[in-house]
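S.K.: Need a 3D model of the sequence below.
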Amino acid sequence: MRLKNLKLIGFAVGVALIITVVFNFFRHHHELETARRKIEIDMERIVPEARPESHRLFSWRIYKNNAKLNDYVREEPIYFSLKGQYARRPMITAFRGGPFHDRPAYGRPEVRQQKLKAVWSVNIGATDKWTGVGWNGQPAIVQWDEELKRLMNLKLEKKIKKDFKEVIYGTMDGNIYFLDLDDGSQSRPPIRTDTVIKGSVAVDPRGYPLLTVGPGITGSGSAGFRIYSLINQEMLFALPWHDPLAPLGWGANDSTGLINPDGDTFIQCGENGMIYFGKLNTQFDRLAGTLSLSPEIVKFTYSNPWGRKPGFESAPAAYGNLLFTADNGGVLLCLDINTLRPIWLRDITDDTDASLVLDIEEDGRPFLYTACEVDRQGPGGYSYMRKINALTGALVWEHKIKCAYDADVNGGALSTPAIGRGRINDLVIFNISKVHNTMAGQMLAFKKSDGELVWALDLPSYGWSSPTLTYAQDGQPHLIQCDSDGMMHLIDPQTGVIKDSLLLNGNVEGSPVIFDDMIVVGTRGMKIYGIRLI
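M.R.: From the prediction side, this is the model:
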């Protein structure tokens with residue numbers, strides 16, 4: 001009798017495994033097809049003020065092998081997911097998690113006390129006045145697969161550790177640190193670069209051992225944007241700091257780029273006003289433990305029709321075959337990735353360092369959320385918070401708030417907005433600095449649907465750090481916000497009520513990420529923190 005029952009159980013388990021395999025196959029196939037879908041734009045629906053031909057002074061240039069092209073069509077078209085799927089491993093990669101910039105957290109923590117508890121801290125250094133972690137400094141966190149761990153130069157105890165998760169953080173002392181998420185211990189030696197890193201590192205979303213990073217300040221070398229191997233930490237590729245074809249000679253890369261996981265192509269927006277598209281031609285042999293690249297570069301740049309400075313510090317967003325960028329001169333551009341043809345553009349008033357956030361509504365329509373700082377407007381300027389139709393360029397709603405102007409520490413939006421899910425699905429949350437000509441900050445939550453203000457939270461100190469949402473196992477949303485006084489706040493994003501606060505060492509300009517119940521962020525006080533949400 002027992003043998004019969006065991007046979008039945010074994011048969012049932014076998015059937016369940018087959019069903020699971022088949023289901024996963026078709027789900028993955030569907031995801032790939034969704035990712036490869038081309039977005040056909042109805043040019044007649046683009047609003048008149050956003051049409052490229054409406055701007056007499058707008059022009060663009062395309063280069064391949066440094067030769068100017070009259071037109072361009074990518075030989076192998078690439079498409080980004082229409083649902084925001086990006087990483088193929090348990091990981092947080094790219095700034096705010098991917099091409100929608102809406103996923104700065106992974107996992108669902110168990111939160112009972114609604115408290116913040118400091119677990120570990122790591123001391124880091126400085127380069128001259130550039131101390132600790134700067135704007136927009138966000139770490140990546142990766143749970144590597146077991147096979148890949150064996151290939152890397154990880155410490156032995158990390159190679160054999162079960163469920164090991166690695167924190168990778170680029171800082172302004174010129175190092176890229178590798179830490180164990182659990183306790184902050186070093187998992188391998190740092191990569192010592194020759195430059196100040198103000199932006200965020202990114203890991204290849206395919207789970208390949210590739211790391212990208214851009215310098216914020218030129219150092220002793222001539223390299224700009226770089227790609228490193230995480231097998232042996234060798235630099236495999238770099239764009240030159242000075243590009244003679246670029247509108248500007250400043251080769252910094254505070255913007256975090258994107259890698260298209262199906263097209264083996266990176267996209268990087270430079271502060272020199274150039275957008276780089278690089279077919280990587282990755283050769284990764286897991287058995288031999290070798291990794292090489294042979295990038296083919298295509299460049300795109302344009303003239304600002306309002307005569308302002310070009311250059312990019314915000315990270316690009318992507319949807320299907322569409323790329324969205326916001327520049328230092330207040331241009332919001334929609335570009336076809338595969339033809340490099342501008343689809344539409346809008347004047348968004350001022351320097352826009354806060355990255356665009358892309359949100360897909362229940363009816364399938366994509367919308368962009370953006371906010372600018374007060375820079376070119378000068379004293380008396382406003383930070384504008386906007387919702388824009390991603391397919392037509394139409395303005396859906398906007399709000400503005402007067403902010404202080406300072407040539408060194410700008411007011412307005414330096415933080416990327418946070419998009420709500422689940423119980424707060426109709427909320428978008430902005431963090432605005434130095435409001436009403438003060439040193440204070442203000443967080444504002446609006447309804448996505450019509451822009452109605454739901455709550456506003458006044459903070460005594462401004463913050464450039466981006467608001468970070470996570471969702472507990474019970475579905476309850478939790479919001480983390482850091483500020484220039486070194487405070488980390490745990491906020492109920494449904495009401496704007498602060499539940500707990502924790503004092504860190506120094507101004508927090510960087511943006512935190514959350515992996516399960518662990519929050520990681522660095523400060524200008526030359527420390528990286530691991531904080532548990534309990």
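S.K.: which secondary element of the protein has the worst mean pLDDT?
M.R.: Least confident helix or strand, the chain: helix 2-35 with a mean of 45, by mean pLDDT, DSSP states H and E.
S.K.: What's the first helix or strand after it?
M.R.: Where DSSP states H and E defines the elements, the next helix or strand beyond helix 2-35 is strand 59-64.
S.K.: contacting residues around that following strand?
M.R.: For strand 59-64, the external contacting residues (C-beta atoms under 8 Å, 6 or more residues apart in numbering) are 68-69, 71-72, 245, 297-303, 340, 342. All C-beta spots, glycine's among them, are computed from the backbone N, C-alpha and C.
S.K.: same thing with stretch 500-509?
M.R.: Defining contact as C-beta under 8 Å, 6+ apart, one finds that stretch 500-509 is touched by 114-118, 121, 131-137, 463-465, 482-490, 521-527, 529, 531.
S.K.: still on that earlier bit, out of the contacts of strand 59-64, which comes closest to Glu313?
M.R.: Thr301 (15.6 Å; C-beta to C-beta).
S.K.: what sits against the closest residue to the closest one other than its chain neighbours?
M.R.: Once flanking residues are discounted, Thr301 sits nearest to Met274: 4.9 Å by C-beta to C-beta, 6 or more residues apart in numbering. Each residue near Met274 by C-beta under 8 Å, 6+ apart is listed here: Asp243, Leu245, Ala246, Pro247, Lys299, Phe300, Thr301.
S.K.: Would you format the residues you listed as TSV with secondary structure, neighbour count and pLDDT included?
M.R.: Shown next, in TSV, are the contacts of Met274 (DSSP: H, G, I helix; E, B strand; the rest coil; neighbours: other C-beta atoms under 10 Å; pLDDT from 0 to 100):
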residue	secondary structure	neighbour count	pLDDT
Asp243	coil	21	96
Leu245	coil	13	97
Ala246	coil	20	97
Pro247	coil	18	95
Lys299	strand	23	98
Phe300	strand	23	98
Thr301	strand	21	98
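S.K.: which among those residues gets closest to Gly107?
M.R.: Distances from Gly107 to the contacts of Met274, taken by C-beta to C-beta, are shortest for Phe300, at 36.7 Å.
S.K.: Can you tell me how far the closest one is from Leu335?
M.R.: When distance is defined by C-beta to C-beta, to the nearest Å, Phe300 is 7 Å away from Leu335.
S.K.: and for those two, which residues touch both?
M.R.: With C-beta under 8 Å, 6+ apart as the test, Phe300 and Leu335 both reach Ile275.
S.K.: ranges for the strands of the stretch 101-250 of the chain?
M.R.: Using DSSP state E, counting those that start in this stretch, the strands of the stretch 101-250 of the chain run over residues 105-106, 116-123, 126-127, 130-131, 140-142, 166-170, 175-180, 191-192, 202-203, 210-213, 223-229, 235-240.
S.K.: Nearest approach to Asp347 belongs to which of these?
M.R.: Across the strands of the stretch 101-250 of the chain, closest to Asp347 is strand 223-229 (C-beta to C-beta), at 27.7 Å.
S.K.: quick check: angle from that closest one to strand 175-180?
M.R.: Interaxial angle, strand 223-229 versus strand 175-180 (axes from the mean of the first three to the mean of the last three C-alpha atoms, to 10 degrees): 30 degrees.
S.K.: so what's Ile401 up against?
M.R.: Tyr382, Ser383, Met385, Ile432, Val435, His436, Gln442, Leu444.
S.K.: out of the residues you listed, who's nearest Arg37?
M.R.: Met385 (30.0 Å).
S.K.: For the closest one, give me phi and psi.
M.R.: Main-chain dihedrals, Met385, degrees, to the nearest 10: phi -110, psi 130.
S.K.: how close does it get to Lys400?
M.R.: 7 Å.
S.K.: Comparing these two, which residue is more hemmed in?
M.R.: Shown here are Met385 and Lys400; by other C-beta atoms under 10 Å, Met385 has more neighbours (24 against 15).
S.K.: Spatially nearest residue to that one, not counting backbone neighbours?
M.R.: Per C-beta to C-beta, 6+ apart, closest to Met385 is Ala371, 4.4 Å.
S.K.: is it true that Val213 touches Arg226?
M.R.: Yes - under the criterion of C-beta atoms under 8 Å, Val213 makes contact with Arg226 at 5.8 Å.
S.K.: Among those two, which residue is more densely surrounded?
M.R.: Higher neighbour count among Val213 and Arg226: Val213, with 25 against 22, using other C-beta under 10 Å.
S.K.: Just give the closest residue to the more buried one, not the sequence neighbours.
M.R.: Nearest residue to Val213, sequence neighbours excluded (C-beta to C-beta, 6+ apart): Val201, at 4.7 Å.
S.K.: Pass me the low-pLDDT residue ranges in the stretch 351-500 of the chain, would you?
M.R.: Scanning the stretch 351-500 of the chain for pLDDT under 70 picks out nothing.
S.K.: at 90 instead, please
M.R.: 406-410, 437 (pLDDT under 90).
S.K.: returning to what we had before: Provide the backbone phi and psi angles at the residue nearest to Met385.
M.R.: Torsion angles, degrees, to the nearest 10, at Ala371: phi -150, psi 150.
S.K.: Surely it is in contact with Gly412?
M.R.: Yes - between Ala371 and Gly412 there is a contact under C-beta under 8 Å: 7.2 Å.
S.K.: Need the overlap of contacts for these two.
M.R.: Shared contacts of Ala371 and Gly412, defined by C-beta under 8 Å, 6+ apart, comprise Ser383, Ile432.
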